[in-house]
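Trainee: Return atomic coordinates for the entry below.
(2 chains)
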Amino acid sequence: MARIDLDLAHSYQANPQQDEDYALLPMKMSFADGGAYALLGPSGCGKTTMLNIMSGLLAPSRGSVEFDGRNVTQLSPQQRNIAQVFQFPVIYDTMTVADNLAFPLRNRKMPGDQIRKRVAEIAEMLELSGQLDQRAANLAADAKQKISLGRGLVRHDVSAVLFDEPLTVIDPHLKWQLRRKLKQIHLELKLTLIYVTHDQVEALTFADQVMVMTRGRSVQVGSAEELFERPQHTFVGNFIGSPGMNFLPARVHERALLVAEHRLGLSRDLALPEGELKLGIRPEYVALSAADDPTALPVKVTQALDIGTHVLLTGQCGDLAIKARLRPDQEIPRCGDRVWLGVLGSHTCFYKNEELLPC
Amino acid sequence: MLSSKPVNQKAWWLVLPVVICVAFSAVLPLMTVVNYSLQDIFSPERRVFVGTEWFALVMRDDELHAALWRQLGFSLAVLTVEIPLGIMLALAMPAKGWKASAVLVMVALSLLIPWNVVGTIWQIYGRADIGLLGAMLQKMGFDYSYTGNATHAWLTVLSMDVWHWTPLVALLCFAGLRSIPAAYYQAARIDGASKFAIFRYIQLPKMRGVLMIAVLLRFMDSFMIYTEPFVLTGGGPGNSTTFLSQYLTQKAVGQFDLGPAAAFSLIYFLIILLLCFILYNWMQRVGTTDKEGAGHE
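Mentor: Have a look, this model is predicted:
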């Protein structure tokens, strides 16, 4: 168990010149002891690179990694005492489940009776007890992934457990079970868990703190609620939520907001700089409004998708498309109808240069 | 309307080339051999059906027994040297970059040399008067002579085979090693596995498939070895390097005993088939089945 502090940058090239050459741009990040974190971002954003740097599989080209204030940048994964679970289950084919679990302990020359005891405990926890004598190669993907996880947990003094998209090859109905298992283990063992994924549902349900990454940098670290309510960057707004946040180009002019040639009234306590900016609002907070409401835009409905729990409405206002999630218990406009959608409210965010404006 | 499916026999034309190829390359020659093995043929007009007589004759042939044991010993020696050596070579080869390409080409060179040339190379290489190896051993005080000493001849043939064919094993193992995903090595580093543990529990199991091919190929080839010892030692001194193929050729071409030679060819074929079958099944089973009595403890 350990607190992990990163202050580093990494490039796979020898002489990085510009930002594009970096897999990870210079960043500082701290992972608290016993926390459950998720690194969320699209493929190629640097999540796995960051994970491999923490585990010691990769040395950062610049900066340092500290565990509990101790500089471990040059230490091997074994010396850091870290556990890592990979995207595809890694098991030792020729060994039984029990031997697989015992492998890290045998490599540390732990006495046999202690190994047996520890393996039994971990197998119990992961519900693998019945399969201990089976050959690991013959098991299903989810059991194999549990073994990979078990090999990490079997060392009781492990500093942190790192997951690199561990549920990719697992069937959807088992994903929930395994994720719940991970949660439970986190609560029981109070380990620092860091979980890499490109699936927002996975990240948000698993972690207390989610770090959203894009193009080698971290754009926001926060709880699920923070990421949803106040995205610090338009990327977060787009990436989190389904569908993502509506972003409408707007212009502030004489205490009014111009969106697609339409004037919206701004309340007095909103201090927005004059000029171009972007208005961001979650489809969840877009509501049908009365005509000529000063906080609403007139749109022509181009699509109304009933997806069971709600209706996904797309409206066109000039060149702008606005998406709204409406509860199905109200009267839903049809395609071609002209309605007003309210976009200004307490949940509305404003962005300049893709960054959130404080207001 | 007879049937909803139109009957079309054209597909037979597509099978025909294969049937012709297999017939001319395998079935007809084999039937010729069977034909010879059951008759005593003096000329096309004068032949006598002898039944299993030739088979009985070759089964009681002491020289043939000796050749068979010599052959088994040789094949066993080839496998015990070439397989571990090939694995070691593959492990030592660089994984990528221009070095890997360069080493691959160098390792593969000996595979490109025709069999009889290999025999000739070693014949000269081993000569006590002018050969690099032979002369050097002489200078070092060994009375080395592959033409005079049976053990030396046997070892020379073995070395020649190792030199010629270990690269094949190495190339196959190299391919097997390269196909192991990086995550296995990373997991091993995280589990704190030693170099030996990585080899024993990751590399070796993952190479099982290619090793099986390597063992079968090397076994079959070495069991049928003919050209190189024919060029190098001609089967001598005495009969010390007369392996099965040479013995067979002596019988068929040298003494023109076509009947016994044909009978023995068939037995030879069955021996190879049987041994390959046993080897293959044994290697299939090793490392894939659960331990005996698992779950009963």
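
Trainee: what residues does stretch B:92-104 touch?
Mentor: Contacts with stretch B:92-104, where a contact means CB atoms under 8 Å, 6 or more residues apart in numbering or on different chains, come from B:107, B:170-171, B:174, B:177-178. Just so you know, the C-beta spots here come from the backbone N, C-alpha and C atoms, and that holds for glycine as well.

Trainee: Give me the neighbour count for residue B:255.
Mentor: Neighbour count for residue B:255, taken as other CB atoms under 10 Å in any protein chain shown: 10.

Trainee: what does the stretch 101-250 of chain B put close to chain A?
Mentor: For the stretch 101-250 of chain B, the residues in contact with chain A (CB under 8 Å from any CB of the partner chain) are B:181, B:183-184, B:186-187, B:189-194, B:197, B:201-202, B:205-206.

Trainee: out of those, which are buried?
Mentor: With burial judged by 16 or more other CB atoms under 10 Å in any protein chain shown, the buried subset of these is B:183-184, B:186-187, B:189-193, B:197, B:201-202, B:205-206.

Trainee: Those residues in helices, which ones?
Mentor: Per DSSP state H, helices hold the following members of these: B:183-184, B:186-187, B:189-190, B:197, B:205-206.

Trainee: May I see these organised as a markdown table, with distance to residue B:124 and pLDDT added?
Mentor: Formatted as a markdown table, those follow (distance: CB to CB, whole Å; pLDDT from 0 to 100):
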| residue | distance to residue B:124 | pLDDT |
| --- | --- | --- |
| B:183 | 50 | 87 |
| B:184 | 46 | 90 |
| B:186 | 50 | 88 |
| B:187 | 51 | 88 |
| B:189 | 49 | 86 |
| B:190 | 54 | 85 |
| B:197 | 45 | 89 |
| B:205 | 43 | 88 |
| B:206 | 41 | 89 |
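
Trainee: How about the contacts made by the spatially most central residue of chain B?
Mentor: The C-alpha lying nearest the average C-alpha coordinate of chain B belongs to residue B:221 (CA atoms, centre = their mean; 2.1 Å). Contact analysis of residue B:221 by CB under 8 Å, 6+ apart lists residue B:165.

Trainee: What's the nearest residue in the stretch 201-350 of chain A when you look at chain B?
Mentor: The minimum distance from the stretch 201-350 of chain A to chain B, using CB to the nearest CB, falls at residue A:202 (19.5 Å).

Trainee: For the helix or strand containing that residue, give me every contacting residue.
Mentor: Using DSSP states H and E, residue A:202 sits in helix A:200-206. Where contact means CB under 8 Å, 6+ apart, the residues beyond helix A:200-206 that reach it are A:36, A:38-40, A:167, A:175, A:179, A:182-183, A:193, A:195, A:197, A:210, A:224, A:227, A:239-242.

Trainee: and chain A, which residues reach chain B?
Mentor: Contact residues of chain A with respect to chain B, defined by CB under 8 Å from any CB, are listed as A:52, A:55-57, A:76-78, A:82-84, A:86-88, A:90, A:92-96, A:103-104, A:107-108, A:133-135, A:137-138, A:148, A:151-152.

Trainee: Give me the buried entries from these.
Mentor: Using 16+ other CB under 10 Å as the burial test, the residues of chain A next to chain B include A:52, A:55-57, A:77-78, A:82-84, A:86-88, A:90, A:92-96, A:103-104, A:133-135, A:137, A:148, A:151-152 as buried.

Trainee: Surely residue A:297 is in a strand?
Mentor: Yes - per DSSP: H, G, I helix; E, B strand; the rest coil, residue A:297 lies within a strand segment.
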